[in-house]
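Novice: Need the 3D shape of this:
(one chain, ligands or ions: 1)
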Amino acid sequence: MIKKIKDYYNWGGRFLTDPFHIKVADLNKKEADKTPLRSDIINFLLQKLNRDTTYLEIGVRNPAINYDKIISTTKYSVDPGLEFKENPVDFKLTSDEFFSQLRTNKVLSKDLKFDVIFIDGLHLADQVNRDIENALEFIKEDGFIILHDCNPPSEWHAREEHGYRISPAGNNWNGTTWKAFVKWRQNKDLFSCCVDTDWGVGIISKTHKIGSASSIKNPFFEYGVMNENRKESMNLISFEDLKSLL
Ligand SMILES: C[S@@+](CC[C@H](N)C(=O)[O-])C[C@H]1O[C@@H](n2cnc3c(N)ncnc32)[C@H](O)[C@@H]1O
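Specialist: Numbers count the residues shown, from 1 in each chain. Presented below is the predicted three-dimensional model:
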């Protein structure tokens, strides 16, 4: 009986010689080696605001990885606790429940506006799209909405099923966050870019000119179309480019 994923990979040596697995293993390594990490970019944007700030993180898992590293006057965390048993967050809720309770004054205050909202909860396009809509309602005019996992290096990283590990992407999963990001990149009332590091750190702003709307047509949100037009679809930029824009 096959017990471990590594057994699948060793099975007849088949996956080890499969060109898709070999190519994607290389992409995995390249992406994992990139710096800076999301925490550095979030802290840079918070610090750029140059005032007392209020930070919201949606989807926290183990806070030692990112949340605890964020420097902000006030911080709030939301996570229903699906992946990390301890789940030491302020609101043990899904993002939909959190925003609904926020809107009706059941948590915090409906008048609260955040300086930075980091969206890193359920990585499926429909949910991320709703998280962006809700974040746009509760972000300050000059605040930043930041999204993790916007730039999947292969279509196997961009699979819908998180649990499937025999794909060339292995354990790595970015889900379909990219579709929601690409959708909002087409909005002419917003500015956006994606810092090309740490699996794609997307940024959306109402007022900071970090990148104008994309004109790439991809009505069916097909991975191949995005991949061929990746730079413009995402407005992929370096961290240095971002710094020069702010
Ligand atoms: C990728 S992890 C978050 C990682 C963390 N932000 C970091 O930077 O290290 C995704 C988290 O989202 C949470 N999650 C899943 N569905 C959610 C939902 N509907 N609303 C909010 N969080 C959700 C999971 O419980 C999990 O802890």
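
Novice: D115 and F144 touch, don't they?
Specialist: Yes - D115 is within contact range of F144, at 7.5 Å (criterion: C-beta atoms under 8 Å). From N, CA and C alone the C-beta is placed, and that goes for glycine too.

Novice: Which neighbours do those two have in common?
Specialist: Common neighbours of D115 and F144 (criterion: C-beta atoms under 8 Å, 6 or more residues apart in numbering): none identified.

Novice: Show me which of these two is the more surrounded one.
Specialist: F144 (27 against 22; other C-beta atoms under 10 Å).

Novice: can you tell me the helix or strand for that one?
Specialist: strand 139-147 (DSSP states H and E).

Novice: tell me the mean pLDDT over the next helix or strand after that strand?
Specialist: Remark: after strand 139-147, the chain's next helix or strand is helix 177-185, criterion DSSP H and E. Throughout helix 177-185, pLDDT has a mean value of 98.

Novice: And stretch 59-73, by the same measure?
Specialist: 98.

Novice: buried ones in stretch 174-192?
Specialist: 174-185, 190-192 (16 or more other C-beta atoms under 10 Å).

Novice: Repeat that for stretch 229-243.
Specialist: Buried-residue list, stretch 229-243, by 16+ other C-beta under 10 Å: 229-230, 233-237, 239, 242.

Novice: Can I get that stretch in CSV, CA atoms only?
Specialist: The C-alpha trace of stretch 229-243 is given here as CSV (Å, rounded to 0.1, in the frame of the first residue of the first chain):
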residue,chain,number,x,y,z
ASN,A,229,0.5,38.1,-20.6
ARG,A,230,1.7,37.6,-17.1
LYS,A,231,3.6,40.9,-16.7
GLU,A,232,0.8,43.1,-17.7
SER,A,233,-2.1,40.9,-16.4
MET,A,234,-0.5,41.2,-12.9
ASN,A,235,1.5,44.4,-13.4
LEU,A,236,4.5,42.4,-12.0
ILE,A,237,7.1,44.7,-10.6
SER,A,238,10.1,44.4,-8.2
PHE,A,239,10.2,45.7,-4.7
GLU,A,240,12.6,48.4,-5.8
ASP,A,241,10.1,49.5,-8.5
LEU,A,242,7.4,49.7,-5.8
LYS,A,243,9.6,51.8,-3.6
